[in-house]
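A.B. asks: Next input, structure requested:
(one chain, ligands or ions: 2)
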Amino acid sequence: MNTETSIELTEDQIEFYANNGYIQIDNILSQVELDELTAITDELNEKIEAELPPMEERGAYDQVFLQVVNAWQRDERLCKFTQHPVLADVARQLLKASRVRLWHDHLMTKFPSKDGKPTTWHQDFPYWPMNEPGGMSIWIPMQDVDLANGCMSFVPGSHAWGVDETIDLSGMRGDDIFERVKDKPAHEVQRVYCPLKRGSVTFHDGRTFHYAGKNTSDEPRRVLSIIYMPDGTTYNGKPHALTDAIDDLKAGDAFSGDLFPVIG
Ligand code: SIN
Ligand code: NI
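C.D. replies: Residues are numbered from 1 along each chain as shown. Ligands and ions are numbered 1, 2, ... in the order given. So this is what the prediction gives:
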C-alpha cells in the first residue's frame, strides 16, 4: 500500500484544474496497489458477467463497458481505494473544499472486441441528482492507456460553458454535445487526449466534456472511477437509481450518512 496520506498540490496545479476542468496527476498509486485493485476487479467482473445475458443481448449502454456501480459496497476490499486518503486529499485541494463525500464509485471495463464502442462525448453532472455542480470524477486506469485502448479525452474549459445536458451514452441516438457549442470559435473547442501510465490518474469536473475511445487492444481496459462531492452538496429531488430507495431524502437535503461517507 502507498504509505503516503497526502500530497501538496502546487498553486499551478490547482489553477490548471480551475481553468481547464480536469487535471492529470502522475504516479499517485503504487504498482502494488494497482495489482491488488486489478485482481479484485477481475473477480467482481467475473461474478457480474455470470449474471448478465450474452453481449449481443445486452442493452446498447451495457455494450459500451461492463460497469459495476458502488463496487465498494459489494467488496469491502475496495474501500481502501474508494476512500483512499491521497485521492481524497487531492480532491479536497482541487475543489477547495474543507471535506469531501463519496457520491459513488464505478468499475468500467472495456473488453477487447472488434465491435467495441467508444464512450460518447458527454458531461457527468447532468446525470447526478445534485443542486450544486462541485462534484468531480477520479479516473484510475489499471494499465497504461492511450488512444488504442480507450484513454480519456477532455475539452479544456468546457466545465465553465454553462452546458448541462444528458447525452445518450451508447451513441445509438447520435446525440452530439458539440452541437450545444457550435457558435463558439473552433479554436476554443479543443479535444485533448490524455494517455496515462499505470499509477497515474485524471480528475475531472462533472461538467467537463469528456470521451473515451473503444478498446482495440488485446487486453481488457480496466478503470475504477470515484466520484466525490464537496460536503454540503444537496439533493435536487430528481429520480436516480442510487437515491430512489432512500425514503427520508428530500429535495434540498444535504447528502449524508453511511451511503455517502465523508472521505477526508
Ligand atoms: C470510460 O472510461 O469509458 C468513460 C469514463 C467516464 O465517462 O467518466
Ligand atoms: Ni463520464
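
A.B. asks: Give me the longest helix you can find in this structure.
C.D. replies: In the chain, taking DSSP state H as the definition, the longest helix is helix 31-51.

A.B. asks: Restricting to C-alpha, output it in CSV.
C.D. replies: Output of helix 31-51 as CSV, limited to C-alpha atoms (Å, rounded to 0.1, in the frame of the first residue of the first chain):
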residue,chain,number,x,y,z
GLN,A,31,2.1,-0.8,-8.7
VAL,A,32,1.4,-3.0,-5.7
GLU,A,33,-1.9,-1.2,-5.1
LEU,A,34,-2.8,-1.5,-8.8
ASP,A,35,-2.0,-5.2,-8.8
GLU,A,36,-4.5,-5.6,-5.9
LEU,A,37,-7.1,-3.5,-7.5
THR,A,38,-6.8,-5.4,-10.7
ALA,A,39,-7.2,-8.7,-9.0
ILE,A,40,-10.4,-7.6,-7.1
THR,A,41,-11.8,-6.1,-10.3
ASP,A,42,-11.3,-9.3,-12.3
GLU,A,43,-13.0,-11.3,-9.5
LEU,A,44,-16.0,-8.9,-9.4
ASN,A,45,-16.2,-8.7,-13.2
GLU,A,46,-16.4,-12.5,-13.4
LYS,A,47,-19.3,-12.5,-10.9
ILE,A,48,-21.2,-9.8,-12.7
GLU,A,49,-20.6,-11.3,-16.2
ALA,A,50,-22.2,-14.5,-15.0
GLU,A,51,-25.4,-12.6,-14.1
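
A.B. asks: As PDB, could you dump the C-alpha coordinates of the helix or strand just after that helix?
C.D. replies: Downstream of helix 31-51, the first helix or strand assigned by DSSP states H and E is strand 66-69. Output in PDB follows, covering the C-alpha atoms of strand 66-69 (Å, rounded to 0.1, in the frame of the first residue of the first chain):
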ATOM      1  CA  LEU A  66     -19.100  -3.700 -18.100                       C
ATOM      2  CA  GLN A  67     -20.000  -1.400 -15.300                       C
ATOM      3  CA  VAL A  68     -20.100  -2.200 -11.500                       C
ATOM      4  CA  VAL A  69     -21.700   0.700  -9.600                       C
END
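
A.B. asks: Taking helix 31-51 as reference, get the angle to the helix or strand containing Met108.
C.D. replies: Per DSSP H and E, Met108 falls inside strand 100-110. Taking axes from the mean of the first three to the mean of the last three CA atoms, to 10 degrees, one finds strand 100-110 and helix 31-51 inclined to each other by 70 degrees.

A.B. asks: following strand 100-110, which helix or strand comes up?
C.D. replies: Sequence order places strand 119-122 as the next helix or strand after strand 100-110, per DSSP H and E.

A.B. asks: That next one pairs with which strands, and in what direction?
C.D. replies: Using DSSP bridges, the strands paired with strand 119-122 are strand 210-212 (antiparallel).

A.B. asks: Centre of the chain to the strand it pairs with, how far?
C.D. replies: Computed by CA atoms, centre = their mean, to the nearest Å, the chain-centroid distance of strand 210-212 equals 10 Å.

A.B. asks: swap in stretch 31-50?
C.D. replies: Distance, centroid of stretch 31-50 to centroid of chain: 17 Å (CA atoms, centre = their mean).

A.B. asks: Show me which parts of that stretch are buried, residue by residue.
C.D. replies: Going by neighbour count (16 or more other CB atoms under 10 Å), the buried part of stretch 31-50 is Glu33, Leu34, Glu36, Leu37, Thr38, Ile40, Thr41, Leu44, Asn45, Ile48. (C-beta placed from N, C-alpha, C; glycine too.)
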